[in-house]
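A.B. asks: 3D, please:
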Amino acid sequence: MSTPDVVVVGAGPCGSFAAAKLARQGAKVTVFEEHGEIGVPSHCAGHLSISGLKRLGLFPLPRAIVDSTIFGATVYSPVGNAFTVRFASPVTCAVNRTLFDQHIGRMAESYGVCYSLKSRVQSLIIKEGSTKGLRVIRKNRMEALQAKIVIDAEGVSSSLLGQAGLQKPERGKIINAVSAEVDGVIDLQTDMVDVFLGNEYAPGFYAWLIPKSENAARIGLATRENNPKELLLRLMLKHPAASARLQRARIIQTTFHPLTLGGPIPKPFSDGFLVVGDAASQVKPTTGGGVILGMTCAEIAAEVASLSLQKHDFSAKSLSLYQKRCNRILRFDMSIMLRIRKMLDAMSDRRIDGAIAFCEALGVDRTLQKVKELDFQGKSILRSMKSPKMVALLGYILYSYLIANT
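C.D. replies: Numbers count the residues shown, from 1 in each chain. Okay, here's the model as predicted:
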C-alpha cells in the first residue's frame, strides 16, 4: 500500500463520502474499516430526505437500494390519537443502509480510494502535538502508517477524539436505540411513516415504523432510560396504535446503537485531524437523523483537507476553516433544534396528547405541507412561524415546558 495523503477511519457514508470527494480532487486516500464488509452490521433505520440526497448529488439512488418512498407521517399520541401530514410528492425514502453504504463505497473506489477492511485502528501517531498518521492492526499485525491528515468517521463511540485532544459528544445527551426488521405487520401504509410518542414506550424520544413492503418494516425506538429492547416489546404489544399493527409481527433481526442529541462537538479539528458525522455529533437533536447532515459536513471536510494539501499546511489553524464552514451551515438550525428537543423532553404524556389533539383541531397539517426542508429544521420552523397556527402550537409546547420546570 502506497503512503496516502489522507486516511479515513470508518467506511460509513460520511467516511466514504469524504474519501470520494478528496480522491476526486486528486488526493491519495485510504479508508480503514474494522469490519469485513462495508455497511455490516447496519445500525440505522435508513430514513433519508430526498431534498438532502439531491443536494449531495446522490438522487436518484439505484432502485435496488430504495425499499420505499415516503409521502408523509402519522404521529400517534400515548393514548393512540393520530395526526397525519401527507405531502403531494415523496419527501423521504427508506433505504437499505448496507446497500447504501456500499454504493457510496463503490463511488469512492471509482475515484481511486483504497479500502482496507478487517483493519482496526489502534491509535493515532502524534508527534510534537500534531497527528501524523495512525497505528492499525491488520492480519494480526500492528502497522504504523504515515499520513498528512486523518479524518475520524468512527461514529459516536470514537476512540480517537480524546487522543487528538478533542471533546467527545456529551455523554448525558447520548441515548440508546434499538432497530428491528419485522414481518407480519398488519394494515401497513407502504408510503407513510408512523411515529409513536409516549414516555411509557420511548422516554426522551420516540418510536418509529418505516415500511419496506406490504407487510415488512423497520421498527425501532430510542430512550434516555430503561432497556430499549424491553420497551420495544412493550410498544409492539401495548401501545394503542402500534399494537394493532405489530402484535403479531415477527422480529427477524435486532440491532442496538447509541444516538447523540447534544449538537456538534465544540471543536471538530486539531493539527492534522478532522472529525465528521456521528463522531462529531453532527446529528439532528429533534429526530436523531445524522446521515444527510454528516455527509454535508464530510463534503466540507474534504474541501478543507484538499485546500490544506494544496498549501502543504495541516495545522489546526489551516483546518479550522472546516468548523467555520460547518458553523455557517449548521449553527442556526442546531440552536433551534436543541431548544425544541429541550422543550419536547419536558412534556408529559398528557401534554403530548394535548399537542396532538391541538394539531388535529387547528389543521396544522396544511401548514406543514408547505415545509420543503426536512434536514435544516431551524429555518423551516422559522418560516412556518408566519402561520398563526404554528405560533399557537409553539406557544403550547413552550407553556408545557414552563409548567414542567416551575
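A.B. asks: middle-most residue in this structure, spatially?
C.D. replies: The centre of the chain sits closest to residue 290, judged by C-alpha atoms, centre = their mean, with a distance of 1.8 Å.
A.B. asks: surely that residue meets residue 282?
C.D. replies: Yes - if you go by C-beta atoms under 8 Å, residue 290 and residue 282 touch, sitting 6.1 Å apart. Yep, even glycine has a C-beta here, placed from its N, CA and C like the rest.
A.B. asks: for residue 140, see how far away the residue nearest to the centre of the chain is.
C.D. replies: 33 Å (C-beta to C-beta, to the nearest Å).
A.B. asks: one more: residue 289?
C.D. replies: Counting by C-beta to C-beta, the gap from residue 289 to residue 140 is 38 Å.
A.B. asks: same drill for these two, tell me which one is more crowded.
C.D. replies: Using other C-beta atoms under 10 Å, the more surrounded residue of residue 289 and residue 140 is residue 289, with 21 against 6.
A.B. asks: you'd agree the more buried one is up against residue 278?
C.D. replies: No - if you go by C-beta under 8 Å, residue 289 and residue 278 don't touch, sitting 10.8 Å apart.
A.B. asks: ok now stretch 248-257, how far from the chain's centre?
C.D. replies: Its chain's C-alpha centre and that of stretch 248-257 lie 20 Å apart, by C-alpha atoms, centre = their mean, to the nearest Å.
A.B. asks: report the mean per-residue pLDDT for it.
C.D. replies: If you average the pLDDT over stretch 248-257, you get 95.
A.B. asks: likewise for stretch 43-60?
C.D. replies: 95.
A.B. asks: and stretch 70-78, by the same measure?
C.D. replies: 96.
A.B. asks: going by residue numbers, what spans are helices in the stretch 151-300 of the chain?
C.D. replies: Ranges of helices within the stretch 151-300 of the chain are 228-238, 242-246, 291-311, based on DSSP state H, counting those that start in this stretch.
A.B. asks: now do the contacts for residue 88.
C.D. replies: Counting by C-beta atoms under 8 Å, 6 or more residues apart in numbering, residue 88 touches 71, 369.
A.B. asks: and it, how far is that from residue 370?
C.D. replies: Residue 88 is 11 Å from residue 370, where distance means C-beta to C-beta.
A.B. asks: how about residue 65?
C.D. replies: Residue 65 is 29 Å from residue 370, where distance means C-beta to C-beta.
A.B. asks: which one's more surrounded, these two?
C.D. replies: residue 65 (18 against 12).
A.B. asks: can you count the residues close to the closest residue to that one other than its chain neighbours?
C.D. replies: Nearest non-adjacent residue to residue 65, counting by C-beta to C-beta, 6 or more residues apart in numbering: residue 99, 4.6 Å away. Counted with other C-beta under 10 Å, the neighbours of residue 99 add up to 18.
A.B. asks: could you do residue 93 as well?
C.D. replies: 21.
A.B. asks: cool, and residue 171?
C.D. replies: 9.
A.B. asks: and for the one 4 residues further on?
C.D. replies: Residue neighbour count, defined by other C-beta under 10 Å, stands at 20 for residue 175.
A.B. asks: can you name the residues bridging to it?
C.D. replies: Beta-bridge partners recorded for residue 175 (DSSP bridges): residue 259.
A.B. asks: state the distance from it to residue 224.
C.D. replies: Residue 175 sits 5 Å away from residue 224, taking C-beta to C-beta as the criterion.
A.B. asks: one more: residue 252?
C.D. replies: To residue 224, residue 252 is 27 Å away according to C-beta to C-beta.
A.B. asks: which one's more surrounded, the two?
C.D. replies: Counted by other C-beta under 10 Å, residue 252 and residue 224 do not tie: residue 224 has more neighbours, with 17 against 11.
A.B. asks: give me the nearest residue to that one, chain neighbours excluded.
C.D. replies: residue 204 (3.3 Å).
A.B. asks: which ones are touching that neighbour?
C.D. replies: Taking C-beta under 8 Å, 6+ apart as the test, what residue 204 contacts is 175, 222, 223, 224, 225, 345.
A.B. asks: the first one contacts residue 202, doesn't it?
C.D. replies: Read it as residue 175. No - between residue 175 and residue 202 there is no contact under C-beta under 8 Å: 9.4 Å.
A.B. asks: anything in contact with each of those two?
C.D. replies: 222, 223.
A.B. asks: any idea where the helices of the stretch 301-406 of the chain begin and end?
C.D. replies: With DSSP H, counting those that start in this stretch as the criterion, the stretch 301-406 of the chain has helices at 316-319, 321-345, 349-362, 364-368, 377-384, 388-404.
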